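K.L.:
Next input, structure requested:
(2 chains)
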Amino acid sequence: MELTQKKITNLRVEHITKRFPGVLASDDITLEISEGQILALVGENGAGKTTLMNILMGLYQPDEGRILINGEEVHFRSPNDAFAAGLGMVHQQYMLVANMTVLENIALGFKAAWSPYKLNLEMVRDRITEVAKKYGLSVDPDAYIWQLSVGEQQRVELVKTLCLGARFLILDEPTSALTPQETDELIVLLKNMSSELSIIFISHKLQEVKDLSDKITILRHGAVVFEGNTHEHSPSDIAALMTGHEVDLPLNEEPACEGIPVLDIKSLNVKSDRGFLALNDLNLTICSGEIVGLAGVSGNGQRELAESINGLRKVENGEIQFYGENIANKSPHHIIEAGMGYIPEERNTEGIVPSFSMKENLILKDTEHKEFSRYAFLKNKAIDKNAEDLRVKFDIRSPNISIAAGSLSGGNIQKVILAREISRRPKFLIAVYPIRGLDLGAAEFIHKQLLEIRHEGIGILLISEELDEILDLSDRVAVIFKGQIQKVLARKDANRRSLGILMAGVKDDQTV
Amino acid sequence: MTKQFRIFYKITIIILAILAAMLIGSIILMTIGADVFKTYMVILFEPLKTTLQLTEVLIRAIPLTIIALGISVAYRSGIINIGGEGQMAMGILGTTAVALAFPELPKPILLPMAVLAGAMAGGVWGFIPGILKAKLQVSELLSTVMLNYIAAQIYTFMLRGPFLDPAELTMGSGTPQSMRLSRGIWLDRFLKGTRLHTGIFFAILLALLIYFLLWKTNFGYKMRAAGASTRAAKYGGISVTWYLVIAMVISGAFAGMAGAIEIAGVHRRAIEGITGGYGFSGIVVALFGGLHPAGIIPASFFFGLLIVGADMTQRMVGVPANMVNVLQGVIILVIVATKMILADPYLMERIWRKYQGIGKKHVEVEA
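P.N.:
You can find the predicted model right below:
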């Protein structure tokens, strides 16, 4: 493999158009990136960012238009072609084998080190050292992937892509799984790397677009709606261009509420799927009419907490007092009937039945209630009316109420779930990553709804990794680390820095 | 894409599929030196030519429909029932036991009792894999198949022992069978000169029942939710394991009833080997019919046709019935593949664009 091919000094796509049945995914897109530039590609979900990147990586063939590298037209018939031309992509989901070392993972794709009977690991090791030195990316080649944090794994992905000869990087939402500190580190790292190569990165988060990119391109409905230099525009300008209207994510500005404690968790112990204690003597109290944000890096017990409150995971010991009743180890049905609302983490597999219609999904928890059934027979008229009403009230954009829920976009699926949970008039709501992966328009709507039911006196436990979301909405912020609440902060004491430090496991602010 | 194109596209695919099935079948038939054209005509059309043959097709379709309905309930609830064969055998034993024990009872009492006994026996045979899956996560693929073997042995044992026809000992037809059952459980044959029995109405009634159960009641809603997405159903407060067990009981009970109807309508006694693969064909019929009663009824008819057709080719063109089973397999594979192709919008889009290839400009105008 020739690893020292010439640099990509200019990448240009011209008039790229791609159609899918019924959708124009890319509409006459033209872009240009020169040497050493970082281009941010932003846009709402479904705007066509991923389609465009898949075309660049040779996964799709454009219907029209062409790709030029250093002024020469290229044709990518498969990802291998794109790769040979020097383009490398780091996906949102890391493609690493957990029980192999960094070295072995990189050797997997390093064809030059392969011979029929022998794998030349030393050659791969040399290459890693070379790349690490050149770009300032430190990795331990002998560490196992499962031992590494998410941020370190991402660095391995970067090293892997570079080792395999990428001279142009495409990063798909690179910060979506990182802690705030890791995000900052990544931004510094990418800025340094940009002296050697060009980068396209896809992001929803306007702050990092601002911090990192030189140029910005905004896509909407498959077409470029804006191109410009990043430093000339404020994040709110960019947000407005992205959604097509001014967006201000709502803030919780109401005085701290003085409700009564309604959810009181006392020394809760819960095991994870792998059998260790995911929640270890966890204590947390939430009152009616307040939003408690639970901040933390994912995998510190958030899933186990939400599931055990909802009766979906066995409680080893401890109590969950809900309006005076201990609901630990009660059935999910019992807990739902007691007034618990739940927006689960995986909206497609836990929140809805994808093959069921939207109207059927809206009654998932209420098939036995008098409103929707009589003598076990479903009342179709009431079900239709319920769905029509909620579709309007929650602005669910679907062609009709009989469409399979799984065919809706992520934002609309989340609105279906939210509509169902809120219209059931719960006494409490647990919302897990409610806006993960959603565009600003949908996020704004969901946040407004959460603030509204808070105002009505419903307590909310908001589990999120997005510090902005937590800081915008919470009355109090609890930080979870290794299955325990590190600390609970009042809104005025919580900021990105204090939370980030607590999330990383440092308990005493003073020591940093 | 124009409507005409869509229709044209679908018809073309179906015609190509039929030609493909015919072609593969022809090659197979030619290797054994059969008259290809004649064989096809006999399989597909001969059974429809006389009333007698047509009723024979319907007689085969009755147990197929009932078993397939039960299998679709299980499948929709997320559990695959391959145990129809064993459940049907147990159903026959239950029915036979009741009919032999109370031969004197009048028909309005004995017939429902006997059918119910068949349903219960089949239901128990469905309950076992259901509860094993719910409580111990035992794969139903394993348990239902194993229970088929056990049921087959129990069936043989009962027919050669306690239920054996005393006349069989003296005269000996060679096939173990029970005594002829009391007239009290006979289903009427309502078309003179044929064996077509009232079980056909029962099967249609059951199809309606399943339709209402699955799509019109909250009970069916929960079963379908549990099958379509176990996780989401659990998160929605539905006790998935409970519905899974119920679905298996219903599925087994239907197979048991199929057995009860088969002996009450056709054989009027339990005979070794009369389950004859219905339990397995029922799976194909259920899937073929789209797991919906409205699809299962025509699918049963089609499979009944193939069974009768296979019999006739053996007699009329000398093609062994086993060979026709091979053809059936080919037909099923082609139909399944065709369904997949028709469900692929991307392929249709690609062909549409090829079709438009000459005037590429037109596409732009439309988009």
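K.L.:
buried residues in stretch A:90-103?
P.N.:
A:90, A:91, A:94, A:96, A:101, A:102, A:103 (16 or more other C-beta atoms under 10 Å in any protein chain shown). Every residue, glycine included, has its C-beta placed from N, CA and C.
K.L.:
so is residue A:258 in a helix, a strand, or just coil?
P.N.:
coil (DSSP: H, G, I helix; E, B strand; the rest coil).
K.L.:
hey, where'd the helices end up in the stretch 151-300 of chain B?
P.N.:
B:166-170, B:199-216, B:218-228, B:230-235, B:240-262, B:278-288, B:293-316 (DSSP state H, counting those that start in this stretch).
K.L.:
wait, isn't residue A:317 in contact with residue A:269?
P.N.:
Yes - because the distance of 5.1 Å satisfies C-beta atoms under 8 Å, residue A:317 is recorded as touching residue A:269.
K.L.:
which of the two has more neighbours?
P.N.:
A direct count of neighbours by other C-beta atoms under 10 Å in any protein chain shown for residue A:317 and residue A:269 places residue A:269 higher, at 16 against 12.
K.L.:
secondary structure element for that one?
P.N.:
strand A:261-271 (DSSP states H and E).
K.L.:
hmm, who's touching that strand?
P.N.:
Contacting residues not belonging to strand A:261-271 are listed as A:277-288, A:301, A:304-305, A:308-309, A:313-323, A:328, A:427-428, A:459, A:461 [C-beta atoms under 8 Å, 6 or more residues apart in numbering or on different chains].
K.L.:
before we move on, what about stretch A:403-420?
P.N.:
A:45-46, A:343-344, A:347-348, A:351-358, A:360-365, A:390-391, A:393-398, A:434-435, A:437-439, A:441-442, A:445-446, A:449.
K.L.:
Just the buried subset of the residues you listed, please.
P.N.:
A:45-46, A:343-344, A:347-348, A:351-358, A:360-365, A:390-391, A:394, A:396, A:398, A:434-435, A:437-439, A:441-442, A:445-446, A:449.
K.L.:
The stretch 51-200 of chain A: strands as residue ranges?
P.N.:
A:64-69, A:72-74, A:87-90, A:114-115, A:118-119, A:168-172, A:198-203 (DSSP state E, counting those that start in this stretch).
K.L.:
What residues does chain A have near chain B?
P.N.:
Neighbours of chain B within chain A, by C-beta under 8 Å from any C-beta of the partner chain: A:19-21, A:24, A:63, A:310, A:312, A:331-333, A:335-337, A:342, A:344, A:346, A:349-356, A:360, A:364-365, A:367-368, A:372-373, A:376-378.
K.L.:
Report the buried members of those residues.
P.N.:
Going by neighbour count (16+ other C-beta under 10 Å), the residues of chain A next to chain B have A:19, A:24, A:63, A:310, A:312, A:332-333, A:335-336, A:342, A:344, A:349-356, A:360, A:364-365, A:367-368, A:372-373, A:378 buried.
K.L.:
Just the ones of those in strands?
P.N.:
Using DSSP state E, the members of those that fall in strands are A:19, A:24, A:342, A:373, A:378.
K.L.:
would a markdown table of the strands of the stretch 51-200 of chain A with mean pLDDT be doable?
P.N.:
Shown next, in a markdown table, are the strands of the stretch 51-200 of chain A (pLDDT from 0 to 100):
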| stretch | mean pLDDT |
| --- | --- |
| strand A:64-69 | 90 |
| strand A:72-74 | 89 |
| strand A:87-90 | 89 |
| strand A:114-115 | 84 |
| strand A:118-119 | 85 |
| strand A:168-172 | 90 |
| strand A:198-203 | 89 |
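K.L.:
could you dump those to CSV with distance to residue A:54?
P.N.:
Output for these, formatted as CSV (distance: least, C-beta to C-beta, whole Å):
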stretch, distance to residue A:54
strand A:64-69, 12
strand A:72-74, 16
strand A:87-90, 9
strand A:114-115, 27
strand A:118-119, 31
strand A:168-172, 10
strand A:198-203, 11
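K.L.:
distance of the spatially closest residue to residue B:217 that is not a sequence neighbour from residue B:55?
P.N.:
Nearest non-adjacent residue to residue B:217, counting by C-beta to C-beta, 6 or more residues apart in numbering or on different chains: residue A:376, 4.7 Å away. Distance, residue A:376 to residue B:55, by C-beta to C-beta, to the nearest Å: 37 Å.
K.L.:
repeat for residue A:29
P.N.:
65 Å.
K.L.:
State the mean pLDDT of the strand holding residue A:269.
P.N.:
The pLDDT scores in strand A:261-271 average 94.
K.L.:
shaky segments in the stretch 151-300 of chain B?
P.N.:
B:172-173 (pLDDT under 70).
K.L.:
give me that answer again for 90
P.N.:
In the predicted model of the stretch 151-300 of chain B, residues B:160-184, B:190-193, B:272-277, B:280, B:284, B:287-290 satisfy pLDDT under 90.
K.L.:
Cross the contacts of strand A:261-271 against strands and list the overlap.
P.N.:
Those of these lying in strands (DSSP E): A:277-287, A:315-322, A:428, A:459, A:461.
K.L.:
ok, of these, which come out buried?
P.N.:
A:277-279, A:282, A:284-287, A:315, A:318, A:320-322, A:428, A:459, A:461.
K.L.:
circling back to that earlier point, looking at the strands of the stretch 51-200 of chain A, which is nearest to residue B:28?
P.N.:
With respect to residue B:28, and counting by C-beta to C-beta, the nearest of these is strand A:114-115 at 44.6 Å.
K.L.:
Taking the centroid of chain B, which residue is nearest it?
P.N.:
residue B:282 (2.2 Å; C-alpha atoms, centre = their mean).
K.L.:
Out of the helices of the stretch 151-300 of chain B, which is closest to residue B:38?
P.N.:
From these, taking C-beta to C-beta, the stretch that ends up closest is helix B:293-316, at 8.1 Å.
K.L.:
ok, back up a step: reformat the helices of the stretch 151-300 of chain B as TSV; add distance to chain A.
P.N.:
Listed next are those as TSV, based on distance: least, C-beta to the nearest C-beta, whole Å:
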stretch	distance to chain A
helix B:166-170	48
helix B:199-216	6
helix B:218-228	4
helix B:230-235	5
helix B:240-262	10
helix B:278-288	16
helix B:293-316	17
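K.L.:
for those, which one ends up most surrounded?
P.N.:
helix B:240-262 (a mean of 28; mean count of other C-beta atoms under 10 Å in any protein chain shown).
K.L.:
which element is residue 28 on?
P.N.:
With no chain named, the answer covers chain A. strand A:23-34.
K.L.:
could you do chain B instead?
P.N.:
Residue B:28 belongs to helix B:3-31, assigned by DSSP H and E.
K.L.:
quick one: that helix to helix B:293-316, angle?
P.N.:
Angle of helix B:3-31 versus helix B:293-316, following axes from the mean of the first three to the mean of the last three C-alpha atoms, to 10 degrees, is 30 degrees.
K.L.:
what's the following helix or strand after helix B:3-31?
P.N.:
Past helix B:3-31, the next helix or strand by DSSP H and E is helix B:36-45.
K.L.:
other SSEs contacting that following helix?
P.N.:
The contact analysis (3 or more C-beta pairs under 8 Å, 6 or more residues apart in numbering or on different chains; DSSP states H and E) places helix B:36-45 against helix B:3-31, helix B:293-316.
K.L.:
Nothing else from me, thank you.
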